[in-house]
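generate coordinates for the sequence data below:
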Amino acid sequence: KKSACKDIDLTSEIKKVSGAKYGFADDSYILYMCYADNGKLPGKVEMRVNYEYLFEKYGESGQKLLLSYYDDGEIENMGSNAKVAKDYYAEYNITHNSTYLLSEHKPRLAAPSKFQAKSYKDKQIYLKWNRVGGATGYRVYKSSSRNGTYRYIGKTSSNSKTTYIDRNTRAGKTYYYRVKASETSKKIPAAYSQKVSCKAVPGKVYKVKTKKYYKSIKITWQKVSLTSGYQVYMSVNRSNSFKKKKTTSGTAYTTGKLKTGNTYYFKVRSYKKIGGRRYYGPYSTVMKKT
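Residues are numbered from 1 along each chain as shown. A predicted model of the protein is given here:
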């Protein structure tokens, strides 16, 4: 009925984009099509896209293409619902006005790149990696040896959340990690990142301060939680020749008599004692006092 009819805007934005950016790691680029009016159409509509957008990649083979529905980072593969017609137009059917992707391969999430692990606070390990196109989160795995069994330890729930802190660690032990992207449907395969390792150590000492007294210097620092003690080192050279001056459970140390007019350098590190063995954290920033 004419009264039930309505105008539908089929204007679309069409562009070639990086496949990996949208969750297609096996395609150097794909076709992105975003229609002006989102919503359900009154029936099945056949769309025809000028094939010049994909010609340089697919040539004149007339092979079938894969059509995927794309919504805010989520991908739903619709199978081989697209083909190249004799007049070199890509044809496909849709029932919703939305965003679609045309690709050669099925979706596959790339491996997170630049994956790294570093010591963080007391015995904690901080993991960081780059974002993966098409991911809606990431899953983190851990092992006690590089080629051992990696077990799932946690996840993040957004594409932009690319960090994770492992707090279930023991001082002095080295842990191995890898991470992979995931998406809501859990149907799209994903590649694991490279393996990285890090040793769990006591926390770094911060806020080291020095105060000059007559022929002596007092060094103070911020307390590190869950640590057994600290070691204070001193030198007359910023780069080397540091000698241990004191092992203490407190957060202050005052030197003995020093030569007037000389410049001295200090650094502090914490340690954790487990079973008669000490595990040391990183040194603090070197402090100078004249």
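
how near is residue 216 to residue 142?
Going from residue 216 to residue 142 by CB to CB, to the nearest Å gives 47 Å. No exception for glycine: its C-beta is placed from N, CA and C like everyone else's.

more crowded one of these two?
residue 142 (21 against 12; other CB atoms under 10 Å).

against which helices or strands is the longest strand anywhere in the chain packed?
In the chain, assigned by DSSP state E, the strand with the most residues is strand 29-50. For strand 29-50, the elements it packs on are strand 12-18, strand 89-103, judged by 3 or more CB pairs under 8 Å, 6 or more residues apart in numbering; DSSP states H and E.

please work out which of those is packed deepest.
strand 89-103 (a mean of 19; mean count of other CB atoms under 10 Å).

does that strand pack against any helices or strands, and if so which?
Using 3+ CB pairs under 8 Å, 6+ apart, strand 89-103 sits against strand 29-50, strand 66-71, strand 82-84.

and that strand with strand 66-71, angle?
60 degrees (axes from the mean of the first three to the mean of the last three CA atoms, to 10 degrees).

what about strand 89-103, distance to the chain center?
Relative to its parent chain, strand 89-103 has a centroid offset of 32 Å by CA atoms, centre = their mean, to the nearest Å.

before we move on, what about stretch 172-187?
With CA atoms, centre = their mean, you get 10 Å for stretch 172-187.

quick one on the thing from earlier: list the buried residues of the longest strand of the chain.
Of the residues in strand 29-50, 29-35, 47, 49 count as buried by neighbour count, 16 or more other CB atoms under 10 Å.

picking that back up, could I get the helices and strands packed on strand 89-103 as a markdown table with mean pLDDT?
As requested, the helices and strands packed on strand 89-103 are arranged in a markdown table below (pLDDT from 0 to 100):
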| stretch | mean pLDDT |
| --- | --- |
| strand 29-50 | 82 |
| strand 66-71 | 88 |
| strand 82-84 | 78 |
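
to residue 207, which of the ones you listed lies closest?
Closest approach to residue 207 among the helices and strands packed on strand 89-103 is made by strand 66-71 (47.9 Å; CB to CB).

I'd guessed residue 34 sits against residue 99; true?
Yes: Residue 34 lies in contact with residue 99 (CB atoms under 8 Å); the separation is 4.5 Å.

in the stretch 1-150 of the chain, what spans have low per-residue confidence?
51-64, 80 (pLDDT under 70).

can you list contacts of the longest strand of the chain?
8-19, 22, 24, 53-54, 57, 70, 85, 89-104 (CB atoms under 8 Å, 6 or more residues apart in numbering).

parallel or antiparallel, which strands does it pair with?
strand 12-18 (antiparallel), strand 89-103 (antiparallel) (DSSP bridges).

turn these into a markdown table, columns for distance to residue 148.
Output for those, formatted as a markdown table (distance: least, CB to CB, whole Å):
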| stretch | distance to residue 148 |
| --- | --- |
| strand 12-18 | 35 |
| strand 89-103 | 36 |
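
what's the closest of these to residue 287?
With CB to CB as the yardstick, what comes closest out of those is strand 12-18 (47.7 Å).

can you list contacts of that closest one?
Residues contacting strand 12-18 (CB under 8 Å, 6+ apart): 28-36, 49, 53-54, 133.

same check, this time on stretch 134-141
21-24, 73-75, 107, 109, 112, 127, 129, 132, 150-159, 161-162, 164, 166, 177-184, 188, 190, 192.

list the buried residues in it.
134-141.

got those as TSV, with secondary structure and distance to residue 226 columns?
Formatted as TSV, these follow (DSSP: H, G, I helix; E, B strand; the rest coil; distance: CB to CB, whole Å):
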residue	secondary structure	distance to residue 226
134	coil	40
135	coil	34
136	coil	35
137	strand	31
138	strand	28
139	strand	28
140	strand	23
141	strand	26
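
what is the nearest of the residues you listed to residue 236?
residue 140 (45.7 Å).
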